[in-house]
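In: okay, sequence plus prediction incoming.
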Amino acid sequence: MSVVETRPGPTAAHGGLTGWLSSTDHKRIGLLTVGTALVIFFLMGLLALTMRSQLAQPDQSIVSSSLYDQLFTIHGSGMIYLAITPFALGFGVYLVPLQVGAPTIAAPRLTAFGYWLYVVGAVVMFSGFGAAGGAASDGWSAYVPLSSSEFTPGVGMDVWIVGVYMSTVGMMAQGGTVLWTALAKRGQGMTLRRMPVFTWSMVATCLMVLTAFPDLLLALSEIVVGRIDPSVFHSNTWVIGYQHLFWFYGHPVVYVMFFPFVGAVAEVVATFSRRRLFGYEGVVLSLLLFAALSMSVWGHHMFTTGQIVNDYYSLTSFLLIVPAGLEYFAIIGTLIGGRLVFKTPLLFALAFLVQFLIGGLTGIMVGTPVIDYQVHDSYFLIAHFHYTLFGGSVAGLFAGFYYWFPKAIGVRLGERLGFWHWLLYVVGTNATFLPMFWLGYEGMPRRVSTYRASDGFTTANLISSIGAGILAIAMWLFLMNVIFSLRAKKRAGSDPWQGQTLEWATSSPPPRYNFAGPVPPVTGYAPLFDARHQAAWDGAVHNDGAVHDDGAVQDDGAVHATGSVGSEAEA
């Protein structure tokens, strides 16, 4: 069989801090992006803990109302613009070239430039806390006219705009190079119908990035106009126009923060079920259909404005059930009948399936105008959104993190600490966000810094704040797991999980140009699984003169870069 030779060149990258910061190696850029996003994720979590402490009891004054407004604005902005979105794209920067058999990412300098734009944008946004008047305080959506200089004077809002603009352009640069790599830089034999499902999830993600993110830049430009001349927002046309621009970005970005982790969960489930992904082609089509439909539903965020056609946006919102159902069906179909191996990545993948389902089903509820009228701008929306992103996407994030950490770093994260991290994460997530549905239904508005004891919100808020404390412990265990595993330096080997895609056919960590030798032949969307299956088939025929009835793979061999099957057992 034909193989692809890797690009000639040096086998070792420049070391030291300078080597990392100046690198054009997609793996280093991806790790820098993911690592920066992880640091910001922890910082935003601290802001959330502060807010939950404020709301644990009625009539508290741990922080002032003004500071509380800044905290929830930067928390939401940081999580969406600076943490989950970059985390999703950083996964793609690292993994897509490896999965498609490419030695490098397309336009590596542009990819690195995107990272540095993102970092500088984050620093600029956070600098608002040191500005006169404090940081931005009008929410991550920066609705006009609240974000005009008439209502939000001071430098904090100005630096917020600059920070969001820079980070968004940086993510567009990375999204463009990932898409370019997947579509035009694939190795020999890697046809579109053989690309791994994670790579397809990144294709759909990057299509949305390049289509929807420019609208955010236009919306930010409209805010700039309003800060120069606040009178423009005295016209309802400008106000409603801003919402159209923003939500044309604001709804697809939810799927930008979701699709890569769907792909990660699909890869994890297939690997730890010891099966190929069930319904691969259906999943690919559903991802593309999902991405297309995501561009048609933005108006359901505007039901209460009275300025849109409710029936149309409700219908398109309900149509999202079809591709979402196909993806769920494929993942569950892979689990059924599989030889499940309950390692930490699979535990987080299962948590993703359950918790994101809650977020999705409540999304159908708020996509219904009559229900949306009742719960709009209440804590019901806070619960829905957090079940989507924290209950769903973050669970998928951790599934992928535990799964690919050995590939990127060369060591596995500890299973015992991983289990406790997973357990406290699940308990904390549901204790924190489930009570918010009841708070919203009972009428607690979002973005309030306190409430009265007579409002009847105390018990649910206290449970929610206790849940946030449990989440903090879970995140601390995760951090300790990373630190202890790095100190232990127990080598994981090139393929500790019996992975199915090409990144597991090279060393851990991979060399500068990804594969030290020829890339294994690509025969399908799970080439390493196919190689093991073929080896077991050939061995069965050779030893018994007959093929076993189930055709199951009987060994735990790992496929190496030469395409041969070794005997590297699962650790």
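Out: In hand now; what should we look at? Residues are numbered from 1 along each chain as shown.
In: contacting residues for the nearest residue to Q174 once chain neighbours are set aside?
Out: Once flanking residues are discounted, Q174 sits nearest to G114: 4.1 Å by Cβ to Cβ, 6 or more residues apart in numbering. C-beta here means a position set from N, CA and C on the backbone, and glycine is covered the same way. G114 makes contact with V169, G170, M171, M172, A173, Q174, T177, according to Cβ atoms under 8 Å, 6 or more residues apart in numbering.
In: for A266, see how far away the fourth one is.
Out: Think M172. 25 Å (Cβ to Cβ, to the nearest Å).
In: looking at the two, which has the bigger crowd around it?
Out: A266 (27 against 21; other Cβ atoms under 10 Å).
In: what's the helix or strand that one falls within packed up against?
Out: Per DSSP states H and E: A266 is located in helix 259-273. Other helices and strands packing on helix 259-273, by 3 or more Cβ pairs under 8 Å, 6 or more residues apart in numbering; DSSP states H and E, are helix 85-99, helix 197-228, helix 280-294, helix 321-335, helix 344-366, helix 394-409.
In: any regions of the stretch 151-300 of the chain where pLDDT drops low?
Out: Of all residues in the stretch 151-300 of the chain, none has pLDDT under 70.
In: I'd assumed Y255 was in contact with T85.
Out: No - here T85 does not reach Y255: they are 10.9 Å apart, not a contact under Cβ atoms under 8 Å.
In: give me the phi and psi for A526.
Out: phi -130, psi 70 (degrees, to the nearest 10).
In: now do the nearest residue to it once chain neighbours are set aside against H244, distance only.
Out: Excluding its sequence neighbours, the residue lying closest to A526 (Cβ to Cβ, 6+ apart) is Q500, at 3.9 Å. Going from Q500 to H244 by Cβ to Cβ gives 43 Å.
In: more crowded one of the two?
Out: Q500 (27 against 17).
In: can you pull the contacts of the more buried one?
Out: P196, E267, A270, T271, R276, A526, P527, L528, F529.
In: where's it, which helix or strand?
Out: Going by DSSP H and E, Q500 is not part of any helix or strand.
In: in stretch 373-384, what counts as buried?
Out: Going by neighbour count (16 or more other Cβ atoms under 10 Å), the buried part of stretch 373-384 is V375, H376, S378, Y379, F380, L381, I382, A383, H384.
In: what's the average pLDDT for it?
Out: For stretch 373-384, mean pLDDT rounds to 95.
In: which residues touch it?
Out: 303-304, 359, 362-363, 365-366, 433-434, 436-437, 439-441, 443-446.
In: which of those residues are buried? Put it as a ChimeraX command.
Out: Those of those that count as buried under 16+ other Cβ under 10 Å are selected in ChimeraX with:
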select :303,359,362,363,366,433,434,436,437,439,440,444,446
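In: where along the stretch 51-200 of the chain do the helices fall?
Out: Using DSSP state H, counting those that start in this stretch, the helices of the stretch 51-200 of the chain run over 65-77, 85-99, 108-126, 155-184, 197-228.
In: pLDDT-wise, which helix or strand of the protein ranks last?
Out: In the chain, no helix or strand scores lower on mean pLDDT, DSSP states H and E than helix 527-544, which sits at a mean of 73.
In: tally of neighbours for R194?
Out: R194 has 18 nearby residues by other Cβ under 10 Å.
In: and Y81, by the same measure?
Out: 26.
In: need the contact list for F385.
Out: Going by Cβ under 8 Å, 6+ apart, F385 touches G359.
In: which helix or strand contains it?
Out: Using DSSP H and E, F385 falls in helix 379-386.
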